[in-house]
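Trainee: What follows is a predicted protein model with its sequence.
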Amino acid sequence: MDKKTIDEYREGLQAQIGILENLYRLAERKREALLKEDLEALPGIIQEEEEELAKLKSRGALDEKAPGEPAPEIRKLLMQREFLARQVREINFFNNELIEDSLAYIRFSLQLFQGQPG
């Protein structure tokens, strides 16, 4: 790969890392909102997440099969990106579990309410 291609690849990785960092912060905010049952904060957080995801999607995929052994700097960025992606997945999984638990509680409450004599 020539220097220009390497620089573009590095810049693409750095942009993806920045977006993943934003997504991680948003996922943490969402977790806090879910734990505090702050339903007013959730729509704004979700909107910001969607905007970040659109940025990530608009950047397109980087060519992961770059020829040759990546330079140490590129290898470090790849590892950082993978770590952040894993962190975002984990916190989103936790957030999903919180939402599922809340829905189960709501369903249970509705069943109790509906089962009570009029």
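Mentor: Everything's here; your move.
Trainee: Contacts for stretch 82-102, please.
Mentor: The contact list for stretch 82-102 (C-beta atoms under 8 Å, 6 or more residues apart in numbering) reads 17, 20, 21, 23, 24, 27, 28, 30, 31, 34, 35. Quick note: C-beta positions are derived from backbone N, CA and C, even for glycine.
Trainee: those helices in this protein, which residues are they?
Mentor: 3-35, 42-59, 72-115 (DSSP state H).
Trainee: which residues touch residue 73?
Mentor: Per C-beta under 8 Å, 6+ apart, neighbours of residue 73: residue 10.
Trainee: And it, how far from residue 79?
Mentor: Residue 73 sits 11 Å away from residue 79, going by C-beta to C-beta, to the nearest Å.
Trainee: and the contacts of stretch 82-102 as a markdown table, adding distance to residue 9 and pLDDT?
Mentor: Formatted as a markdown table, the contacts of stretch 82-102 follow (distance: C-beta to C-beta, whole Å; pLDDT from 0 to 100):
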| residue | distance to residue 9 | pLDDT |
| --- | --- | --- |
| 17 | 13 | 97 |
| 20 | 16 | 97 |
| 21 | 19 | 98 |
| 23 | 21 | 97 |
| 24 | 22 | 98 |
| 27 | 26 | 97 |
| 28 | 29 | 97 |
| 30 | 31 | 96 |
| 31 | 33 | 96 |
| 34 | 37 | 93 |
| 35 | 39 | 93 |
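Trainee: Drop anything exposed from those residues.
Mentor: Buried by 16 or more other C-beta atoms under 10 Å: 17, 20, 23, 24, 27, 30, 31, 34, out of the contacts of stretch 82-102.
Trainee: I figured the first one hits residue 80, correct?
Mentor: Yes: with contact taken as C-beta atoms under 8 Å, residue 17 and residue 80 are classed as touching, separated by 5.7 Å.
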